[in-house]
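1. With the sequence up front, the predicted model follows.
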Amino acid sequence: MSFVLTKDLLDKVEKAVDTKNSQFVENELSRLRPADISTVLNEMDTEQAMFVMDLLAVETAAEIISYLDEDVCIPFIRNYPSETIAQWINHIDSDDAADILNELPLQTREEIIAFLDSKEKADYIIDLLHYEEDCAGGLMAKELISANINWTVIQAIEEIRRQAEKVEKIYSLYVVDNQERLLGRVSLKKIILSNDETRIADIYEQGIVAVKTYQDEDEVAEIMRKYDLAAVPVINERGKLMGRITIDDAVDVITEQAEEERQIITGISEDIEEDDNVLMLTRARLPWLIIGMAGGLMGARFIGLFEKDLAILPAMAFFIPLITATGGNVGIQSSSIVLQSLANKSMIGVNYFQRLFKVLIVAIINGVVISVIVFGFTIILGQTINLAGIVAISLFFVVLLASFMGTITPLVLDKLGINPALAAGPFITTANDLLGLAVYFSTAHMLYSF
């Protein structure tokens, strides 16, 4: 069952911490997994969290550190001496350790590396610190099990036993040559079922999917999703095996990407969270609000141009919200579908004219249905047939234009190398509001004699 932090539990633990009731805190936290304890610590202040960490075993504390939110973890561990941090780093995968050390001052980083128990672990971390955080090299962990192609099965089993403590998740063995170049992999099932003297060369799988150290993290996550991989090896330009990326790292990338896209779509320009300070929250949200306000002012000014027309036929004003809302909704629907296709890379090789033709057909059907419903409803409300016709015809063309805008804008932005998510949300809504008003009043001028 998934752990849910309740206010009652948090209050009890915080009260016990404040009164230095170590026994109660240990009893309460002993029932929780490290990831759940990190959720509790995220809600505590620094002094409280430090009291809890001091009660835990080093291995548990290390795992908790790797689960803490980055904006909580880094300020928190800066309160500890380098030697204590090094004790935690000894029990953390090299990729997570490198991520933490990257955020610390250079002197602290060097001190921590010097205090590490294992020279091999220190070398792993130093190697990973060279890579950018958002590429395959920055995502990968150095801990893995490889087998030389000339080995026998019994030698491979001995290597598994030797590395068992360092490698937490073993999905398969990567097969390399004498120069450590990746040749393929061999599954644990084959290792177990084969005779001890069977050569790895006779049972390994060739042509496996691998990524280069410089590939973007989004590309890596997409590769793992597409090929349903629990882990993917990372190689350099010469084909040397450098590390591996496991599915938990890919999930983190996908989650982060989804959060970023959602914030952009809703008009938030920075990566923020609810507990960020007021200045950050305001700075991230204000730009698109100003753009939306500018669009609203333009719309108000546009309506003002037809003030005389509205004075003659005031009932037209009743349907302005309907026109703008319909255009915005249709635009967001269309752009969302395109964004989904772009995210899944399904647009490659697709004829844009065929796609636009399909969009046009769907828009025509939706436009006709909506227009007929609105026409009938307007008549029922007691309005004239002329006004009902104006609203119905306007809605039809608004649906067509909004569908076109919602489809073409993300495609154009993607071609220009701009995040297509910018096309959704405030941008599409504001643009379609103005287009809808233009269509509405233009249709009225053509079909109604003022």
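-> Nice, I can see it.
2. Please list all residues in contact with residue 376.
-> By CB atoms under 8 Å, 6 or more residues apart in numbering, residue 376 lies in contact with nothing. In short, each C-beta sits where N, CA and C put it, glycine included.
3. How about the secondary structure of it?
-> Secondary structure for residue 376, judged by DSSP: H, G, I helix; E, B strand; the rest coil, is helix.
4. I'd like the distance between it and residue 204.
-> Distance, residue 376 to residue 204, by CB to CB, to the nearest Å: 70 Å.
5. Counting neighbours, what do you get for residue 226?
-> For residue 226, the neighbour count with other CB atoms under 10 Å is 11.
6. again with the one 5 residues further on
-> The tally of other residues near residue 231 (other CB under 10 Å) stands at 21.
7. Same check on the one 4 residues further on?
-> Other residues near residue 235 come to 19 when the count uses other CB under 10 Å.
8. What pLDDT does the model give it?
-> Confidence at residue 235, expressed as pLDDT, is 95.
9. and what of the one 5 residues further on?
-> What the model reports for residue 240 is a pLDDT of 95.
10. quick one: contacts for the nearest residue to residue 89 once chain neighbours are set aside?
-> Nearest residue to residue 89, sequence neighbours excluded (CB to CB, 6 or more residues apart in numbering): residue 97, at 4.8 Å. Residues near residue 97 by CB under 8 Å, 6+ apart: 89, 121, 125, 128.
11. least confident pick among those?
-> On pLDDT alone, residue 121 ranks lowest of those, at 89.
12. Please identify the buried residues of stretch 368-375?
-> In terms of neighbour count (16 or more other CB atoms under 10 Å), stretch 368-375 has its buried residues at 370, 371, 374, 375.
13. Look up the closest residue to the first one, ignoring the ones flanking it.
-> Of all residues not flanking residue 370 in the chain, residue 395 sits nearest, at 5.6 Å (CB to CB, 6+ apart).
14. Tell me how far the helix or strand containing the one you found lies from the chain's centre.
-> In this structure, residue 395 sits in helix 385-415 according to DSSP states H and E. In terms of CA atoms, centre = their mean, to the nearest Å, the centre of helix 385-415 is set 31 Å apart from its chain centre.
15. about what we covered before: can you say which helix or strand has the residue nearest to residue 89 in it?
-> Residue 97 is part of helix 94-102, with elements assigned from DSSP H and E.
16. Repeat that for residue 435.
-> If you go by DSSP H and E, residue 435 is part of helix 426-447.
17. Show me what the helix holding residue 395 is packed up against.
-> Under the contact criterion of 3 or more CB pairs under 8 Å, 6 or more residues apart in numbering; DSSP states H and E, helix 385-415 touches helix 320-343, helix 352-380, helix 426-447.
18. hang on, isn't residue 223 packed against residue 234?
-> No. Residue 223 lies out of contact with residue 234 (CB atoms under 8 Å); the separation is 11.2 Å.
19. Of those two, which one has the most company?
-> A side-by-side neighbour count of residue 223 and residue 234, using other CB under 10 Å, places residue 234 first with 27 against 18.
20. what does the very next helix or strand once past the helix holding residue 97 rub up against?
-> Per DSSP H and E, helix 94-102 leads on to helix 106-115 as the next helix or strand towards the C-terminus. Outside helix 106-115, the residues that touch it by CB under 8 Å, 6+ apart are 78, 82-83, 85-87, 89, 101, 104, 122, 125-126, 129.
21. before we move on, what about stretch 203-216?
-> Residues outside stretch 203-216 that contact it (CB under 8 Å, 6+ apart): 131, 134-137, 140, 149, 153, 175, 182-187, 190-191, 194, 219-220, 223, 227, 229, 232-237, 242, 245.
22. Show me where the stretch 351-450 of the chain dips below the pLDDT cut-off.
-> Along the stretch 351-450 of the chain, segments meeting pLDDT under 70 span 351-352, 421-426, 448-450.
23. By neighbour count, which of the contacts of residue 97 wins?
-> Neighbour max across those (other CB under 10 Å) = residue 89, 28 neighbours.
24. for it, what are its contacts?
-> For residue 89, the contacting residues are 62, 97, 100, 101, 112, 116, 121, 125, by CB under 8 Å, 6+ apart.
25. which residue ranges form the strands in the stretch 101-250 of the chain?
-> 146-148, 172-176, 182-187, 205-206, 211-212, 231-235, 241-246 (DSSP state E, counting those that start in this stretch).
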